[in-house]
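Chemist: When you get a sec, could you give me coordinates for this:
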Amino acid sequence: MLHRPCNLLLLALACAPLSALAKDKLPPDAFAVSLPAPPPAPPANGSIFQSGYVPLTSGGRAGQVGDIITIQLVERTAATKSTAAGTQRDGSVGLTPPSTGPLSLFDPSDIAMGGGQQFAGKGSASQSNALSGEVSVTIAEVYPNGTMLVKGEKLLTLNRGDERVQISGIVRAIDIGPDNRVLSTRVANANIRYTGKGEIARASKQGWLQRFFSIISPF
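Modeler: Numbers count the residues shown, from 1 in each chain. Below is the predicted model:
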């Protein structure tokens, strides 16, 4: 009967890294490049301007599925939080027994009581993040209200590992500059991921067994 808890513990340890990977897994085409669709055959209606043409006033600005847009990463966040609390309470009780008669059994010091309670707590936390650079993405979908879904990624292979920058989100056509650049702060529902693989990335995080015991530890 003692072998069964040990087997369950070994099974939990074996499944810990798999569950951690499944939690952060995304579809393989979440940041895949979008190619332009083939142009439809023009209808035989005798019109000079057909649907889907790009007016001269737009210049070379991206606006169709498959067009390339450069996202300028200017992300910077900072958060600070601090708390402080303090309480104090004192109390005392004293009874004076009669000095004569049948009730004079105790001295005044025998029935005197007193108590005190004091608490002080303080906590603070701060966090800041910054990300800069550029990532070129493609337009995946164009919506009727003028917004567009963009997504793409950049893969850098270095001598100590791989660095991958992925981004997806929704941009407005009015926010696209003449050089087809958009600030990342103008991307709605932005999903920006900066990940890496290699010995440096492995050395900067805990092992799967240590992460498992960190999760179940009550301390």
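Chemist: contacts, neighbours, all on C-alpha from now
Modeler: Noted.
Chemist: buried ones in the longest strand seen in the chain?
Modeler: Of all the segments assigned as strand in the chain under DSSP state E, the longest by residue count is strand 113-142. Buried residues in strand 113-142, counted by 16 or more other C-alpha atoms under 10 Å: 134, 135, 136, 137, 138, 139, 140, 141, 142.
Chemist: All the strands of this structure, in order from the start?
Modeler: Assigned by DSSP E, the strands in the chain fall at 68-93, 113-142, 147-158, 161-172, 181-183, 188-197.
Chemist: Residue 32: which of those strands is closest?
Modeler: strand 147-158 (6.0 Å; C-alpha to C-alpha).
Chemist: Could you tell me which residues make contact with residue 173?
Modeler: Contacts for residue 173 (C-alpha atoms under 8 Å, 6 or more residues apart in numbering) come out as 63, 146, 147, 148.
Chemist: By pLDDT, rank those residues and give me the bottom one.
Modeler: Least confident entry in those, by pLDDT: residue 63, with 80.
Chemist: For residue 196, see how far away it is.
Modeler: According to C-alpha to C-alpha, to the nearest Å, residue 63 and residue 196 sit 32 Å apart.
Chemist: and these two? which has more neighbours close in?
Modeler: Neighbour count, other C-alpha atoms under 10 Å: between residue 63 and residue 196, residue 63 has more, with 21 against 17.
Chemist: Pull up the gap between the more buried one and residue 90, please.
Modeler: 72 Å.
Chemist: try residue 149
Modeler: Distance of residue 149 to residue 90, computed by C-alpha to C-alpha: 64 Å.
Chemist: likewise residue 197?
Modeler: 59 Å.
Chemist: Of those two, which one has the most company?
Modeler: residue 197 (14 against 9).
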